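1. The following comprises the amino acid sequence and a computationally predicted model.
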Amino acid sequence: MDLDNIWKSFLAKVENQMNSISYETWFLPAKLLSLENGKAKILVPSHVHKKNLKENYIDLIEEKFAEVTGTNFKFEFFIEEELENNIVIDTNDIGIPYSNFETNLDPKYTFQTFIIGQSNKFAATSALAVAEQPGNMYNPLFIYGSSGLGKTHLMHAIGNYITENSKKKVLYIPCDKFVSDFVEICRKNSNDNNIDATKQFKNKYRDIDVLIIDDIHNLVGATSAQQEFFNTFNELYNNNKQIIISSDRSPDDIKKLEERLKTRFNWGLQIDILPPEFELRMNIINKKIEMQELENKFPLDVKEYIASNCVGDIRKLEGAITRVYAYATIMNGEDITLDLAIDALKDFFVKSIISKNKIDQVIQIVSENYNITPEDLRSKKKTNNIAIPRQIAMYICRIYLEENLTKIGIEFGGKNHTTVMHAVDKIKNEILNNETLNSEIQKLINKIR
């Protein structure tokens, strides 16, 4: 096999291992010059190609070339100038454009895998609008909310959508990394006035089409880095480049952040992602279980128990599922039941004291109103003087407190969720034709602090 055919076969293998932009940029312009004494000489168009192939692709090159030739070769890369003048140019101090080969995006975070509910519907819709028209819609896009609600997922989804549907350069970066990069540049400049390092830094953050920066509140306390980000923001914004920012709080609530940055963060659209409602948490659990092919192993009451206890952190839902399944496996493959799940998760959940106290308060208020004890409401007694107040209390917990059926059942002495559902439906129907009962329930609700 001659050199041209060897190289064509090699390129065909490499092309299948990367996206088209990387392949066309780094490999297609290269040429195999010779195979002698166990060495493969490769001609490349520039110092940057030489450095990048040596430092970032050498393992792939050696592997695929060996598949074609059946022999392990050592690779040497040359540019035309080196061959003509019989010299070797050191590439150690030559920078590589970051955006050509590294977006830092996680491919598993897409719009398709982002589960939408009422609490995040506006955020998801706005994010997609930005992804479809980067630089033209909502610039900057500022996403904020507590940890574990899907901010990072949405940011990666925007970036992945843009890279899949355009040739725009996208960079995702945590704010800590921006700060550390800037500190490193300052250190180099203080030592030897490294102009190349400064240029490389600016190219990384400004020679792009989309900057996605996570946890911007970490700029607080880094005064010089705030100045640099201000300049970077202006450069990108003035050139209609899309800026996407996340934080655990709104721009105006980030203390010790320069006012001019707060002002710019408010130029575009601010999105507050709220904690997921119960229905969304259930949908997320069902999706996670489906992805792990565990649909037939998790009964409804177990899923509801997990959803009712994981209120503010979506990541914890998946952790709870994994823990319950692992616990059942360790226990000699026992069936997953509510009792098993409660036992498995007893040290995993931080008990929602507020929620429990609210249910306890309802039980106390209703029992006092009907001259019975809280223990009566939690008991299995079915006499009308206890059963009807119990149904009313369950109704208030479900409709007014918006508690989950399983959780209500647990707090009322371990009742089945179907028992709670029956009680809620019964009172719903009763108050349609009984204004006195409706008025009485409203008075009870008004007593809840």
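-> Okay, I see it.
2. remind me which residues of this structure are low pLDDT?
-> Within the chain, the segments meeting pLDDT under 70 span 1, 19, 21-22, 85, 87-101, 189-196, 350-357, 449.
3. Let me see the contact set for the residue nearest to the spatial centre of the chain.
-> Nearest residue to the geometric centre of the chain (Cα atoms, centre = their mean): H153, 2.7 Å. Counting by Cβ atoms under 8 Å, 6 or more residues apart in numbering, H153 touches 109, 113-114. In this view, the C-beta of every residue, glycine as well, is placed from N, C-alpha and C.
4. again, only using 10 Å
-> If a contact means Cβ atoms under 10 Å, 6 or more residues apart in numbering, then H153 has 106, 108-111, 113-115, 120, 124, 127, 273, 314-315 as its contacts.
5. What ranges does the stretch 301-449 of the chain have for its helices?
-> 314-330, 338-344, 353-369, 374-378, 384-399, 405-411, 417-433, 435-446 (DSSP state H, counting those that start in this stretch).
6. Could you report the separation of the residue nearest to I285 when sequence neighbours are not counted from I289?
-> Nearest residue to I285, sequence neighbours excluded (Cβ to Cβ, 6 or more residues apart in numbering): K303, at 5.0 Å. The gap separating K303 from I289 is 8 Å, by Cβ to Cβ, to the nearest Å.
7. So which of the two has more stuff around it?
-> Each of K303 and I289 has its neighbours counted (other Cβ atoms under 10 Å); K303 has more, 24 against 21.
8. and the gap between the residue nearest to the centre of the chain and F230?
-> 28 Å.
9. residues of stretch 299-308 that come out buried?
-> 301-308 (16 or more other Cβ atoms under 10 Å).
10. hang on, I meant stretch 61-79
-> 61, 64-65, 68, 73, 75, 77-79.
11. Repeat that for stretch 197-208.
-> Neighbour-count burial for stretch 197-208 flags 197, 200-201, 204-208 (criterion: 16+ other Cβ under 10 Å).
12. Equivalent analysis for stretch 359-379, please.
-> The neighbour-count check on stretch 359-379 (16+ other Cβ under 10 Å) flags 359, 362-363, 365-367, 370, 372, 374, 376-378 as buried.
13. Next, format the residues you listed as CSV and append distance to H47.
-> Shown next, in CSV, are those (distance: Cβ to Cβ, whole Å):
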residue, distance to H47
I359, 69
V362, 73
I363, 75
I365, 77
V366, 79
S367, 81
Y370, 85
I372, 85
P374, 79
D376, 84
L377, 79
R378, 77
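14. List the contacts of the closest residue to K426 other than its chain neighbours.
-> Excluding the flanking residues, the one nearest K426 by Cβ to Cβ, 6+ apart is Q391, at 5.7 Å. Contact analysis of Q391 by Cβ under 10 Å, 6+ apart lists 366, 377, 419-420, 422-427, 430.
15. what do you get if the cut-off is 8 Å, keeping everything else the same?
-> Counting by Cβ under 8 Å, 6+ apart, Q391 makes contact with 423-424, 426-427.
16. who wins for neighbours among the residues you listed?
-> Comparing the contacts of Q391 on neighbour count, A423 comes out first with 25 neighbours (neighbours: other Cβ under 10 Å).
17. Am I right that it is in contact with M394?
-> Yes - with contacts counted by Cβ atoms under 8 Å, A423 reaches M394, the gap being 4.3 Å.
18. The stretch 151-300 of the chain: helices as residue ranges?
-> Using DSSP H, counting those that start in this stretch, helices in the stretch 151-300 of the chain cover 151-165, 175-192, 195-206, 223-238, 259-265, 278-291, 300-309.
19. circling back: could I get the helices of the stretch 301-449 of the chain as TSV with distance to L261?
-> Formatted as TSV, the helices of the stretch 301-449 of the chain follow (distance: least, Cβ to Cβ, whole Å):
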stretch	distance to L261
helix 314-330	29
helix 338-344	46
helix 353-369	35
helix 374-378	53
helix 384-399	44
helix 405-411	43
helix 417-433	49
helix 435-446	45
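20. Please work out which of these is packed deepest.
-> Ranked by mean neighbour count, those are led by helix 405-411 with a mean of 24 (mean count of other Cβ atoms under 10 Å).
21. Not counting its neighbours along the chain, what's nearest E228?
-> F182 (5.2 Å).
22. count of neighbours near the one you found?
-> F182 is flanked by 20 other residues according to other Cβ under 10 Å.
23. K188 against A197, yeah?
-> Yes - the pair K188 / A197 is scored as a contact, 4.6 Å apart, by Cβ under 8 Å.
24. show me the contacts for N266.
-> Residues near N266 by Cβ under 8 Å, 6+ apart: 142, 251-252.
25. actually Y109, not the one I typed
-> 152-153, 156-157, 160.
26. Taking those together, which two end up most distant?
-> Using Cβ to Cβ, the contacts of Y109 reach their maximum pairwise distance at T152 and N160, which is 12.3 Å.
27. any chance of the buried residues of stretch 61-79 in JSON lines, plus secondary structure and distance to T329?
-> JSON lines is the format used below for these (DSSP: H, G, I helix; E, B strand; the rest coil; distance: Cβ to Cβ, whole Å):
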{"residue": "I61", "secondary structure": "helix", "distance to T329": "43"}
{"residue": "K64", "secondary structure": "helix", "distance to T329": "40"}
{"residue": "F65", "secondary structure": "helix", "distance to T329": "44"}
{"residue": "V68", "secondary structure": "helix", "distance to T329": "45"}
{"residue": "F73", "secondary structure": "coil", "distance to T329": "48"}
{"residue": "F75", "secondary structure": "strand", "distance to T329": "47"}
{"residue": "F77", "secondary structure": "strand", "distance to T329": "51"}
{"residue": "F78", "secondary structure": "strand", "distance to T329": "57"}
{"residue": "I79", "secondary structure": "coil", "distance to T329": "58"}
